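Mind folding the following:
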Amino acid sequence: MAHVHADTPFAPLGIAVLTVSDTRGFEEDGSGDLLAERLTEAGHALVERRIVPDDVYRIRAVVSKWVVRDDIQVVLVNGGTGFTPRDTTPEALTPLFDKAIDGYGELFRQLSLASIGTSTIQSRAVAGLIDRTLVFAMPGSPKACATAWDGILAAQLDARTRPCNFVAMVLPDAERCASRQAPETEAVRQAVES
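Down below sits the predicted model:
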């Protein structure tokens with residue numbers, strides 16, 4: 001079970017929120033509101049927030065612009081992850097991933113099972129790393145966004161979470177997980193000191 005390590009400082013991240021919807025504007029975007037509120041309450045910075053129609057190329061265009069920015073380490077995408085013909089968020093994002101985070105979708109569906117039952121199999125929540133930017137896509141309902149943030153993202157985007165978190169993947173000076181640190185050999189130490 002993950003726990004917070006008190007000796008490690010919190011490292012705020014720059015986070016962008018993208019809502020994928022053919023019908024919502026900012027006035028009706030309860031999911032984007034929830035994510036913006038949760039991430040700022042956690043101590044992160046909301047760098048940018050947008051809404052785009054459910055279109056593969058519009059989603060890719062926004063995410064592609066964000067992942068090259070130095071002030072954005074995480075992109076949260078809500079909407080377009082269902083199973084209807086208009087749901088194209090996974091198709092838009094997965095070709096961009098350098099590495100997929102398969103466990104995110106698996107855990108999201110496991111957590112959702114308690115509230116929506118077997119309908120969770122229709123959720124195509126996906127996540128991955130693009131260069132040094134984390135991208136997490138979740139369903140567009142506020143309840144689903146709360147499940148993703150509260151059940152997964154709050155801890156994994158916190159440098160204090162042990163045994164591991166994602167912060168070291170996006171911040172070069174963040175402390176790596178102990179299980180991912182190679183033991184320093186005497187020969188390596190001597191070579192570095194000389």
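
and residue 120, what pLDDT?
According to the prediction, residue 120 has pLDDT 88.

could you check the distance from it over to residue 156?
Residue 120 sits 20 Å away from residue 156, going by Cβ to Cβ, to the nearest Å. All C-beta spots, glycine's among them, are computed from the backbone N, C-alpha and C.

can you check residue 170 too?
11 Å.

With residue 33 instead?
Per Cβ to Cβ, residue 33 is found 22 Å from residue 156.

With residue 25 instead?
Taking Cβ to Cβ, one finds residue 25 at 30 Å from residue 156.

same thing with residue 13?
Residue 13 is 11 Å from residue 156, by Cβ to Cβ.

Repeat that for residue 23.
The spacing between residue 23 and residue 156, counted by Cβ to Cβ, is 30 Å.

These two: who's more crowded?
Under the neighbour definition other Cβ atoms under 10 Å, residue 23 and residue 156 were set side by side, and residue 156 has more, 21 against 9.

which residues touch the more buried one?
Listed by Cβ atoms under 8 Å, 6 or more residues apart in numbering, the contact partners of residue 156 are 165, 166.

Could you give the backbone dihedrals for it?
The phi/psi pair for residue 156 (degrees, to the nearest 10) reads phi -70, psi -20.

how close does it get to residue 53?
Using Cβ to Cβ, we find residue 156 at a distance of 29 Å from residue 53.

for residue 128, helix, strand, or coil?
Assigned with DSSP: H, G, I helix; E, B strand; the rest coil, residue 128 falls in the strand class.

residues in contact with it?
Shown in contact with residue 128 (Cβ under 8 Å, 6+ apart): 93, 94, 96, 97, 98, 99, 100, 101, 134, 135.

okay if I get those as JSON lines plus distance to residue 80?
Shown next, in JSON lines, are those (distance: Cβ to Cβ, whole Å):
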{"residue": "93", "distance to residue 80": "9"}
{"residue": "94", "distance to residue 80": "12"}
{"residue": "96", "distance to residue 80": "14"}
{"residue": "97", "distance to residue 80": "16"}
{"residue": "98", "distance to residue 80": "21"}
{"residue": "99", "distance to residue 80": "21"}
{"residue": "100", "distance to residue 80": "17"}
{"residue": "101", "distance to residue 80": "18"}
{"residue": "134", "distance to residue 80": "18"}
{"residue": "135", "distance to residue 80": "13"}
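
State the distance from residue 44 to residue 76.
From residue 44 across to residue 76, the span is 10 Å (Cβ to Cβ).

These two: which is more packed in?
A count of neighbours by other Cβ under 10 Å puts residue 76 above the other of residue 44 and residue 76, at 28 against 21.
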